[in-house]
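Peer 1: Sequence isn't available, so here's the structure alone:
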DNA sequence: TGTCATTGTTTAAAAGTTTAATAGTTCACA
DNA sequence: TGTGAACTATTAAACTTTTAAACAATGACA
């Protein structure tokens, strides 16, 4: 595998974090395995849309799914996803704080 | 700030990781402060294009920039960005290994 | 078995966003 | 003022997301 190809795949996995609905799903999936209707109650919106996002996240390897009867249960593929997500949230919070301080100075 | 708005901002920061060139920049910036021409030697491509990506990353708060005369030096805004990036790379590697094992089983 | 509700996926079109490349502008400084 | 480096604006192409409808799989139960 070329270095370039590896950067592409790496970016592709990161891209799977880059949507508000998907961040919300990761947030919910930290605690517990859920099936689509439960996520749907949390996030709102259309079931087909949520299903597409869940399937993308599974394809990119940040969720894993397990079918049990009528339901498919989704959970984080690894705790690393939750950790990375938390770090990026901290980066956001640090930035918001910095901006707040800049505003206060005026 | 609403929870929804926070998820949007969080996703926005994560989105800044979701491009091969930007992953490559983060990779290079881990080690050292760089100005555009140095990044350009590493990544290749067009100067204007790289400049756009650097500016987006700065706007989203994953890089910070310091102007010194003609040159602008970019570095990671925090080590958390490098950590998150490394975790996501591990998620990718774990997935690649899993796929490899599946292939070997056939 | 047949029917029904529930769950989840697929598809396709429209709407929206991101990217690369170009051309043009600003900036630092000799 | 002239030069080269960095940045910005613009645009078309590529990609992602949303929406809505159709479809498929499962389980309950008369």
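Peer 2: It's in. Note that this is a predicted model, so its numbers are computed, not measured. Numbering: from 1, shown residues only, chains lettered A, B, ... in the order given.
Peer 1: So which bits of chain A are right by chain B?
Peer 2: Those residues of chain A that sit near chain B, judged by CB under 8 Å from any CB of the partner chain, are A:4, A:7-15, A:17-24, A:27, A:61-62, A:77-78, A:80-81, A:83-85, A:87-92, A:94-96, A:98. The C-beta positions use only the backbone N, C-alpha and C, and glycine is treated the same way.
Peer 1: Tell me which residues touch residue A:37, please.
Peer 2: The contact partners of residue A:37, by CB atoms under 8 Å, 6 or more residues apart in numbering or on different chains, come to residue A:47.
Peer 1: Is DNA strand D within reach of the helix or strand hosting it?
Peer 2: Under the criterion of DSSP states H and E, residue A:37 resides in helix A:36-43. No: for helix A:36-43, no contact with DNA strand D is found by CB under 7 Å from any atom of the strand; the gap never falls below 10.0 Å.
Peer 1: ok now that helix, how far from the chain's centre?
Peer 2: Relative to the chain's own centre, helix A:36-43 is displaced by 14 Å; criterion: CA atoms, centre = their mean, to the nearest Å.
Peer 1: Going by contacts, tell me the helices and strands next to the next helix or strand after that helix.
Peer 2: Towards the C-terminus, the helix or strand next in line after helix A:36-43, according to DSSP H and E, is helix A:47-59. Contacts of helix A:47-59 with other secondary structure elements, assessed using 3 or more CB pairs under 8 Å, 6 or more residues apart in numbering or on different chains; DSSP states H and E, are made with helix A:20-29, helix A:36-43, strand A:63-68, strand A:71-76.
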